[in-house]
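*Asks:* Sharing a model prediction with you, sequence too.
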Amino acid sequence: MANIVIVGTQWGDEGKGKIVDLLAEFADIVVRFQGGNNAGHTMVVNGETFISHLVPSGILQQKLCIIGNGVVVDPQVLLEEIDYLKSKGISVGPDNLMVCEKAHVIMPYHKKIDVSMENRKGACKIGTTGRGIGPCYDDKVSRRGIRFIELIDPDLLKEKLSYILDEKNFILEKYLSCEAMDSETILNEFSAYAERLAPFIKNISVIINNAIKDGKQVLFEGAQGTHLDIDHGTYPYVTSSNTVSGNACCGSGVGPKAITGIIGIVKAYTTRVGEGPFPTELFDETGDYIQKKGAEFGATTGRKRRCGWLDTVLLRNAARLNSLTGLAVTKLDVLGGVETLKICTGYEYNGKILKDVPAGIKVLAACKPVYEVLPGWKEDISEIRSLKDLPDATRSYLNKIEKLTDIPIDIISVGPGRNETIVLNNPFK
Ligand code: GDP
Ligand code: IMO
Ligand code: MG
């Protein structure tokens, strides 16, 4: 039996949604374990595109989808997503979608604080998605958050909200020059959400662990990417949760022994949304070509993604931090037509070569990438379904990635569609 974790190895948007949707065929349960609706995971099936922000990407394969305790959930967004999926003819209900009773709820003041804090920071902003993610995790750690178990208890919700709002309104009015929020209005709105969501709220640790004992297979779906991790990412230009594979356990209530494999999703080049250092970023026509051909716009905020060459310093970091057992390389088709390709193998800083990502943000911003140059390929590879049929230059590019990361490539993605894929080694088999 296999239980597999999927994580992003770069700065998010590596194509996790596509690979989770693909591998969900072989899983019984798909679990989101961190992040919230800052994520935007795209699945393309039979030419139709689906974007999910909260519901695990196993829903199209009609697997049991679980939102773990580590996720922060905006109930309004979740309900909208359920309605959206239903409108597309996908069955979603308490029998195939569950939310952990311990997951924290994103409240309206979280969103307002997120956006207003960013505005106040001006040039020092992080470039958040504005979805209230950071402020919600803030409250979780400060022990004044509201969990789903409290959301569905009207008396407790009222009691908690009254003292929480006391503090939030002080911050909103005095520090952020915003209008105060009214507890009655929030209570009315959120009791309606609670009523609709109550049937979905469960003790998911028990459900997942019992399923594993019964021989069921679980796919853990990471959001964001390793370098947006709150501990290991390019702090402070990160998200507010641990995005690395270890958090699949904490964020869903299973022990580490349950995990049998960890697949790192690697975009064949690098992208980043929001602020923060990006050593291999391109500011020339090649960057524009990749951005346009790869349709690199954020699936959540629609922002243009910054694009650059593949960076194996990041990938080696991700391999170590996540204990990667395999890679899935995505968007390889996008590189077709680029005459020569560059892969970053190290950073030059103050006359020295760094092989690891420095923790100091100013140091990282001053690093100059050291590149290996490889020939590109002109062919359209999106119709190719076997490794041997790929152009020689494409195979050399893949070999180089394996060599520089020391991790085998299990999956190659040559287009957004579920079937536009070459599976070399299925982690569930
Ligand atoms: P995620 O957040 O990691 O799930 O990734 P996103 O969905 O935000 O961004 C990945 C984008 O690339 C989506 O628009 C996908 O449909 C698309 N995509 C995924 N794999 C491939 C691929 O192999 N080739 C191409 N051209 N597009 C892909
Ligand atoms: P998926 O799961 C790319 C980035 C934001 C910002 C930083 C902090 O689709 O890969 P936050 O709103 O989390 O406080 O923003 O993190 N970010 C993402 N970038 N993909 C994502 O998710 C992201 N989720 C957050 O752009 O730089
Ligand atoms: Mg995304």
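*Replies:* That came through, no problem. Ligands and ions are numbered 1, 2, ... in the order given.
*Asks:* Run me through the strand neighbours of the longest strand along the chain, direction for each.
*Replies:* Scanning the chain for the longest strand, with DSSP state E as the assignment, gives strand 340-349. Using DSSP bridges, the strands paired with strand 340-349 in its sheet are strand 310-311 (parallel), strand 352-354 (antiparallel), strand 368-375 (antiparallel).
*Asks:* Now the element after the longest one, going C-ward?
*Replies:* Spelled out, that is strand 368-375. Per DSSP states H and E, strand 368-375 leads on to helix 392-405 as the next helix or strand towards the C-terminus.
*Asks:* could the strands paired with strand 340-349 be laid out in JSON lines, adding mean neighbour count and mean pLDDT?
*Replies:* Every residue, glycine included, has its C-beta placed from N, CA and C. What follows is the strands paired with strand 340-349, written out as JSON lines (neighbours: other C-beta atoms under 10 Å; pLDDT from 0 to 100):
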{"stretch": "strand 310-311", "mean neighbour count": "26", "mean pLDDT": "98"}
{"stretch": "strand 352-354", "mean neighbour count": "12", "mean pLDDT": "97"}
{"stretch": "strand 368-375", "mean neighbour count": "14", "mean pLDDT": "98"}
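*Asks:* re earlier: how much does the longest strand of the chain deviate in direction from helix 392-405?
*Replies:* Calculated by axes from the mean of the first three to the mean of the last three C-alpha atoms, to 10 degrees, strand 340-349 forms an angle of 20 degrees with helix 392-405.
*Asks:* rewinding a little: in a markdown table: the strands paired with strand 340-349, plus distance to I19.
*Replies:* Formatted as a markdown table, the entries for the strands paired with strand 340-349 read as follows, by distance: least, C-beta to C-beta, whole Å:
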| stretch | distance to I19 |
| --- | --- |
| strand 310-311 | 17 |
| strand 352-354 | 30 |
| strand 368-375 | 24 |
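*Asks:* Between those, which one is closest to ligand 3.
*Replies:* For the strands paired with strand 340-349, distance to ligand 3 was read as C-beta to the ion. The smallest value, 18.1 Å, belongs to strand 310-311.
*Asks:* Show me which residues of stretch 87-104 are buried.
*Replies:* Neighbour-count burial for stretch 87-104, with 16 or more other C-beta atoms under 10 Å as criterion, is recorded at V92, N96, L97, M98, V99, C100, E101, K102, A103, H104.
*Asks:* mind saving the C-alpha coords of it as CSV?
*Replies:* Backbone C-alpha positions of stretch 87-104 (Å, rounded to 0.1, in the frame of the first residue of the first chain) are rendered in CSV as follows:
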residue,chain,number,x,y,z
SER,A,87,-22.7,23.4,-11.5
LYS,A,88,-20.2,21.5,-13.6
GLY,A,89,-21.9,18.3,-12.9
ILE,A,90,-19.5,17.0,-10.3
SER,A,91,-21.1,15.4,-7.3
VAL,A,92,-19.9,17.0,-4.0
GLY,A,93,-21.4,16.3,-0.7
PRO,A,94,-20.6,15.2,2.9
ASP,A,95,-20.0,11.6,1.6
ASN,A,96,-17.0,12.7,-0.6
LEU,A,97,-15.9,16.0,1.0
MET,A,98,-14.9,16.4,4.6
VAL,A,99,-13.5,19.3,6.6
CYS,A,100,-11.5,18.8,9.8
GLU,A,101,-13.2,20.1,12.9
LYS,A,102,-9.8,21.5,14.0
ALA,A,103,-9.2,23.5,10.8
HIS,A,104,-9.2,27.2,11.4
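*Asks:* Could you give the separation of that stretch from the chain centroid?
*Replies:* Relative to the chain's own centre, stretch 87-104 is displaced by 19 Å; criterion: C-alpha atoms, centre = their mean, to the nearest Å.
*Asks:* for the record, mean pLDDT for it?
*Replies:* Mean per-residue pLDDT for stretch 87-104: 97.
*Asks:* residues from the stretch 1-150 of the chain in reach of ligand 2?
*Replies:* Among all residues of the stretch 1-150 of the chain, those adjacent to ligand 2 (criterion: C-beta under 6 Å from any ligand atom) are 8, 11-13, 38-41, 126-129, 131, 133-134.
*Asks:* List buried residues within those.
*Replies:* The neighbour count (16+ other C-beta under 10 Å) marks 8, 11-13, 38-41, 126, 128-129, 131, 133-134 as buried among those.
*Asks:* Pick out the most distant pair among these.
*Replies:* H41 and I126 (21.1 Å; C-beta to C-beta).
*Asks:* Going toward the C-terminus from the helix ranked longest in the chain, what's the next helix or strand?
*Replies:* Secondary structure of the chain per DSSP state H: the longest helix is helix 154-170. Sequence-wise, the next helix or strand beyond helix 154-170 is helix 183-197, with elements assigned using DSSP H and E.
*Asks:* ok, and of the buried ones among the residues of the stretch 1-150 of the chain next to ligand 2, which contact ligand 3?
*Replies:* When C-beta under 5 Å from the ion is taken as the criterion, the members of these that contact ligand 3 are D13, G40.
*Asks:* Inside strands: which ones of the buried ones among the residues of the stretch 1-150 of the chain next to ligand 2?
*Replies:* Using DSSP E, those in strands are G8, H41.
*Asks:* What residues sit buried inside the longest helix of the chain?
*Replies:* Buried residues in helix 154-170 (16+ other C-beta under 10 Å): L157, K160, L161, I164, L165, K168, N169.
*Asks:* Quick one: the residues you listed as JSON lines, columns for pLDDT too.
*Replies:* Shown next, in JSON lines, are the buried residues of helix 154-170 (pLDDT from 0 to 100):
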{"residue": "L157", "pLDDT": "96"}
{"residue": "K160", "pLDDT": "95"}
{"residue": "L161", "pLDDT": "96"}
{"residue": "I164", "pLDDT": "96"}
{"residue": "L165", "pLDDT": "97"}
{"residue": "K168", "pLDDT": "98"}
{"residue": "N169", "pLDDT": "98"}
